[in-house]
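Q: sequence unavailable; structure follows:
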């Protein structure tokens, strides 16, 4: 069950080498296209790997919450 949508800001298990750990979802499908919000680098990742690596997501109050506690219907 997916709990994220296009243009969501997420945090992954490991940070990017530039020092940032905030990513914007730009494409969803079999592969995920993510843009680093620190250096604008684009990364492609298989959806199954993305589902394993995602940790937090930014809610409507601009606070990062655990993906387990996130409810997109409240957004």
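A: Received the coordinates, thanks. Owing to the predicted nature of the structure, the values given are computational and were not obtained by experimental measurement.
Q: ok, residue 66 - contacts?
A: 55, 56 (CB atoms under 8 Å, 6 or more residues apart in numbering). C-beta: built from backbone N, CA, C; applies to glycine.
Q: whoops, I mixed them up, residue 46
A: 30, 31, 32.
Q: and residue 7, by the same measure?
A: 24, 25, 26.
Q: can you pick the most crowded of these?
A: Compared across the contacts of residue 7, residue 25 has the highest neighbour count, 19 neighbours, by other CB atoms under 10 Å.
Q: SS state for that one?
A: Under DSSP: H, G, I helix; E, B strand; the rest coil, residue 25 falls in the strand class.
Q: doesn't residue 5 make contact with it?
A: Yes: between residue 25 and residue 5 there is a contact at 7.4 Å, judged by CB atoms under 8 Å.
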